[in-house]
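1. give me coordinates for this.
(chains A, B, C and D)
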There are 4 protein chains.
Amino acid sequence: MTAVNIAIVYYSSTGTNYRMAKWAEEAAKEAGANVYVARTAELAPQAAIESNPAWKAHLEETKDIPEAKPEDLDWADAILFSMPTRFGNVPGQMKQFLDQTGGLWGEGKLVNKVVSGMSSAMNDHGGQEATVKSLYTTMMHWGAIIAAPGYSDPITFSTGGNPYGTSVTVDGEGQMKMDIEPAVKHQTKRTIQVASWVKNGQEQ
Amino acid sequence: MTAVNIAIVYYSSTGTNYRMAKWAEEAAKEAGANVYVARTAELAPQAAIESNPAWKAHLEETKDIPEAKPEDLDWADAILFSMPTRFGNVPGQMKQFLDQTGGLWGEGKLVNKVVSGMSSAMNDHGGQEATVKSLYTTMMHWGAIIAAPGYSDPITFSTGGNPYGTSVTVDGEGQMKMDIEPAVKHQTKRTIQVASWVKNGQEQ
Amino acid sequence: MTAVNIAIVYYSSTGTNYRMAKWAEEAAKEAGANVYVARTAELAPQAAIESNPAWKAHLEETKDIPEAKPEDLDWADAILFSMPTRFGNVPGQMKQFLDQTGGLWGEGKLVNKVVSGMSSAMNDHGGQEATVKSLYTTMMHWGAIIAAPGYSDPITFSTGGNPYGTSVTVDGEGQMKMDIEPAVKHQTKRTIQVASWVKNGQEQ
Amino acid sequence: MTAVNIAIVYYSSTGTNYRMAKWAEEAAKEAGANVYVARTAELAPQAAIESNPAWKAHLEETKDIPEAKPEDLDWADAILFSMPTRFGNVPGQMKQFLDQTGGLWGEGKLVNKVVSGMSSAMNDHGGQEATVKSLYTTMMHWGAIIAAPGYSDPITFSTGGNPYGTSVTVDGEGQMKMDIEPAVKHQTKRTIQVASWVKNGQEQ
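-> Here you go, the predicted model:
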């Protein structure tokens, strides 16, 4: 049984989705997968970043995390995305990354990638569902296999019950309002599980 | 390698999605799957049906097709849905069927079903995308594994290029404006293929 | 300035969306609108209803509320919808009602209706966003004018921050987990306000 | 009756949506509106642009069109957006622009903007519906008033029947496969009409 390669691609301005990505990384290692964590390139004007100390600090803190490249996805059997909402859709920083996968897409190399998404928002219903669903629309264009968590584990119910993907509400101080770490880990392991079936099935 | 069980669940008023379901059935048999075709119960008032001769004739023509029951889904490894748009969403007849799966859902029996959807509309852009995407939202609640066709085969490009699922435009006389049979068959076989990986992976 | 006619169309199994509809009715009266409240027809099998005492009791309690008819919408300048999620989409009972508006739609009589939607779910992120958004897809087919509340009033932030429409989480005992009455009332008044602009503009 | 200010904000790589924006501009002038046309900033790497002669030529051709700034939206009563699909969602170039409206949004200045969207794709069903619907999700966060065309004019039926917004399929040579100019003009005038009702209603 070949180990699954999972790419965890996130965008984070002040750290929430970075933390989610790191929990996912831990779970992926526990599951025996090969893991690669990468952040999508920042697009915001420097002035916007400078005006928000938490944003600036987080960028500095994660400057050694590699920037996601479309070609990273070629290596991956599974891809887990994490990003905050921006008005009910993925941030420009994530969308611009996804838009750059046209080359791989044209070669059919994104077909059968097993994918899953996570999100965060400042309000309980401020795009946590809509953002992950927007991501999945793009995944359908890829011909990817979508493994939303649904209610595949009781942990979903006790962490807000988002069947599209784990999500969290962040308060004004940037604190997550709920401990979603176990839900992130469940979603990661489920994604790897499905990818393992797909990968091994294809290899037979 | 255990054969895949595929349920083909459709709603059709005047026959388009019935024909799509039958093409899918042929493809499923070719692929060696066990197939069960069922139609969702009609909900329209008798007067509405009587006022449309094509609708009445089609109901008569398909009276021996079994009515879909939620428990049919328990048997299935893969489920392919086909339905016309009704204002950019699945018809009430399909939604009411889906709503009745709450019992199976509560027992976790819909998790990991491999699913895919097809649609039709009277206008090229009159809900062909939106209808299939609406179906997939419900599938995410199930924890199903979504295998939209994407552009996994060149046939998608030559039949309208709907990555969410095969779709067709029907003219005023009820004729399909394009030959989508090969796209239906590709989508069916792909769904079975993915379900085979998932089923065999789970059995190991 | 002609008063606005608002139809409040809801589906409720155990009472949550009925209560939301009644709060909306109060707000509509306060705003000087003519109000008509109607419930969409029940489609569930009698056995399902009988098996749930709260559902049966609620049906009994509201048996005098008129059943919504498509033609009610012709009278309305504004329409406010309220319904629980069913797997991230409107319930079959609401969809079947919407599907029956084909006649009015064909005559162009749904164009420029001012519409807005509300929802409920058993989980915080269990379709509260997705359900209202599904409704709006259908509204776009109507050529209706969509007045989602957005963050047009601070009350949105303090009641879960759902910009698509007011929503609420209901616990296992059927209790709303948050007091959303003021948000319902704001959304109702905003819908009437926009409808008033549209109605008076058209009459000039 | 005060004239409506309409901003036409588009992204175009090889010219389709630029042409749509220009048709909209003509219609807006005919309708007596004040019009401002602006393109969202290009984000693609220079190498990607250089590798596509049509893209490079179009960028050169439109270098005098002003770049859209969030503050342009403050002036506008109505906003019409036009953009190609990128995997079933708005392009990164449009999303990044929308993301920069956080300041205006925080001041409540986007509430009651009357908005509408248009799209294009390389396949008939390759995101023409999904892209406009993705835009509208963001508009709901703004508290904008969404005026999708629906089937408010027969021209919608004869130009592909996209109720969410006018859309067009572009062939491999960059040619539009249908004459959508009258549909663009209808949608523009309808958007201005609704905005006129809203603006004059607010001023009373």
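2. ok, and does stretch A:101-118 reach over to chain B?
-> Yes: using C-beta under 8 Å from any C-beta of the partner chain, stretch A:101-118 reaches chain B at A:105, A:108, A:110-112. (Glycine included, C-beta is placed from N, CA and C.)
3. give the buried residues for that stretch.
-> For stretch A:101-118, the buried set under the neighbour-count rule, 16 or more other C-beta atoms under 10 Å in any protein chain shown, comprises A:101, A:104-105, A:109-118.
4. before we move on, the earlier item: between the residues of stretch A:101-118 next to chain B, which is closest to chain B?
-> Within the set of these, A:V111 lies nearest chain B; the separation is 4.7 Å, counting by C-beta to the nearest C-beta.
5. quick check: the closest one touching A:G143?
-> Yes: under the criterion of C-beta atoms under 8 Å, A:V111 lies in contact with A:G143, with a separation of 3.9 Å.
6. alpha carbons only: can I get the helix or strand of chain A with the lowest mean pLDDT in PDB?
-> Taking all helices and strands of chain A together, the one with the lowest average confidence (mean pLDDT, DSSP states H and E) is helix A:46-50, at a mean of 92. Extracted as PDB, the C-alpha positions of helix A:46-50 are listed here (Å, rounded to 0.1, in the frame of the first residue of the first chain):
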ATOM      1  CA  GLN A  46       1.900  46.500   1.600                       C
ATOM      2  CA  ALA A  47       0.100  49.400   3.100                       C
ATOM      3  CA  ALA A  48      -2.900  47.200   4.000                       C
ATOM      4  CA  ILE A  49      -0.500  44.800   5.700                       C
ATOM      5  CA  GLU A  50       1.400  47.400   7.500                       C
END
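7. tell me where chain A has helices.
-> All helices of chain A, identified by DSSP state H, fall at A:16-30, A:46-50, A:53-61, A:72-75, A:92-99, A:102-106, A:128-142, A:155-158, A:181-203.
8. right, and the ones you listed - which one's nearest C:A44?
-> Distance to C:A44, taken as C-beta to C-beta, is lowest for helix A:155-158 among these, at 23.8 Å.
9. show residues contacting that closest one.
-> The contact list for helix A:155-158 (C-beta atoms under 8 Å, 6 or more residues apart in numbering or on different chains) reads A:149-151, A:162-163, A:166, A:182-183, A:186, C:123.
10. A:T169: neighbour count?
-> Using other C-beta atoms under 10 Å in any protein chain shown as the criterion, A:T169 is surrounded by 23 other residues.
11. contacting residues for it?
-> For A:T169, the set of contacting residues under the criterion of C-beta under 8 Å, 6+ apart consists of A:120-124, A:126, A:128, A:160, A:176-178.
12. could the residues you listed go into TSV alongside pLDDT?
-> Listed next are these as TSV, based on pLDDT from 0 to 100:
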residue	pLDDT
A:S120	98
A:A121	98
A:M122	97
A:N123	97
A:D124	97
A:G126	98
A:Q128	98
A:G160	96
A:M176	98
A:K177	97
A:M178	97
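13. among those residues, name the buried ones.
-> Buried, going by 16+ other C-beta under 10 Å: A:120-121, A:123-124, A:126, A:128, A:160, A:176, out of the contacts of A:T169.
14. narrow those to those in strands?
-> The strands in this structure, assigned by DSSP state E, contain A:120-121 from the buried ones among the contacts of A:T169.
15. and the buried ones among the contacts of A:T169 near chain D, which?
-> Near chain D, judged by C-beta under 8 Å from any C-beta, the entries from those are A:G126.
16. what sits against A:G92?
-> Here A:G92 is in contact with A:43, A:86, D:43, D:92, D:95-99 (criterion: C-beta under 8 Å, 6+ apart).
17. excluding its backbone neighbours, what's nearest it?
-> D:Q96 (3.1 Å; C-beta to C-beta, 6 or more residues apart in numbering or on different chains).
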